[in-house]
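Asker: A structural model of the following input is requested.
(2 chains)
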Amino acid sequence: NAGVTQTPKFQVLKTGQSMTLQCAQDMNHNSMYWYRQDPGMGLRLIYYSASEGTTDKGEVPNGYNVSRLNKREFSLRLESAAPSQTSVYFCASSGWDPQTYNEQFFGPGTRLTVL
Amino acid sequence: GDSVTQMEGPVTLSEEAFLTINCTYTATGYPSLFWYVQYPGEGLQLLLKATKADDKGSNKGFEATYRKETTSFHLEKGSVQVSDSAVYFCALKTGANNLFFGTGTRLTVIP
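Answerer: Here you go, the predicted model:
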């Protein structure tokens, strides 16, 4: 049981380049999330997917797109990276199990630097 | 809107000292409250939670009580260890999907 996995762990991009961050979970969770973590600002929600086939904007969606490929996978795409997108990105998932209801499970993060 | 205000760090304590990290919240409705912990180089892990007023969450010697009258959820531990060094995040959840996080408090415990 790997939980939530993210690839890559580290990435350096030049301004204007594109890339996709991958996330997968093996807990049969319905909901998945993408956050960014910046110093002094905690975590902020970029996009979330309440269930397979649906996606919704969070607090800071500009400059990002997402795809809920299937129940397991939720990817985040930067079409034209900007230095302001330098951050640590976390994927999370949550389900309806009564034992863990309301709990989000986080991946290890992707550290992205945009030059 | 919903928000969490968390005690600013960093906090440095000696081993076996008492820890308090303050957290207050603003929310419509009846939020669930959480403390998450992030160890160096890792993602966030749920430390404890409380889903209604007066509930006490506890785990690994840490405790926090959901105080509706003071809109607070302060984290406490009676005797910290070096292994408790991490960043601690207070968070709340009102709707179905979104967690609102505080800015995090870095704790360093020295032997």
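Asker: Contact residues of chain A facing chain B?
Answerer: A:4, A:31, A:33, A:40-45, A:48, A:50, A:56, A:58, A:90, A:92, A:102-109 (Cβ under 8 Å from any Cβ of the partner chain). In this view, the C-beta of every residue, glycine as well, is placed from N, C-alpha and C.
Asker: Pull the contacting residues for B:L47.
Answerer: In this structure, B:L47 makes contact with B:34-37, B:59-60, B:62, B:75, B:88, judged by Cβ atoms under 8 Å, 6 or more residues apart in numbering or on different chains.
Asker: Tell me the buried residues within the residues you listed.
Answerer: Buried residues within the contacts of B:L47, counting neighbours by 16 or more other Cβ atoms under 10 Å in any protein chain shown: B:34-37, B:62, B:75, B:88.
Asker: Check which residues of stretch A:80-100 are buried.
Answerer: So for stretch A:80-100, counting by 16+ other Cβ under 10 Å, buried means A:81, A:85-95.
Asker: what's the host helix or strand of A:Q6 packed up against?
Answerer: Following DSSP states H and E, the helix or strand that holds A:Q6 is strand A:4-7. Contact analysis of strand A:4-7 by 3 or more Cβ pairs under 8 Å, 6 or more residues apart in numbering or on different chains; DSSP states H and E lists strand A:19-25, strand A:87-94 as its packing neighbours.
Asker: List the contacts of B:E15.
Answerer: B:E15 makes contacts with B:80-82, B:109-111, as judged by Cβ under 8 Å, 6+ apart.
Asker: returning to that earlier point: of the buried residues of stretch A:80-100, closest to chain B?
Answerer: Using Cβ to the nearest Cβ, A:F90 is the member of the buried residues of stretch A:80-100 that lies nearest chain B, at 5.8 Å.
Asker: Tell me the spacing between that closest one and A:W34.
Answerer: Counting by Cβ to Cβ, to the nearest Å, the separation of A:F90 from A:W34 is 7 Å.
Asker: re the thing from before, I'd like the buried ones among the contacts of B:L47 written out as a markdown table, with secondary structure, distance to chain A and pLDDT added.
Answerer: Shown next, in a markdown table, are the buried ones among the contacts of B:L47 (DSSP: H, G, I helix; E, B strand; the rest coil; distance: Cβ to the nearest Cβ, whole Å; pLDDT from 0 to 100):
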| residue | secondary structure | distance to chain A | pLDDT |
| --- | --- | --- | --- |
| B:F34 | strand | 8 | 95 |
| B:W35 | strand | 12 | 97 |
| B:Y36 | strand | 8 | 95 |
| B:V37 | strand | 11 | 96 |
| B:F62 | strand | 16 | 98 |
| B:L75 | strand | 15 | 97 |
| B:Y88 | strand | 11 | 96 |
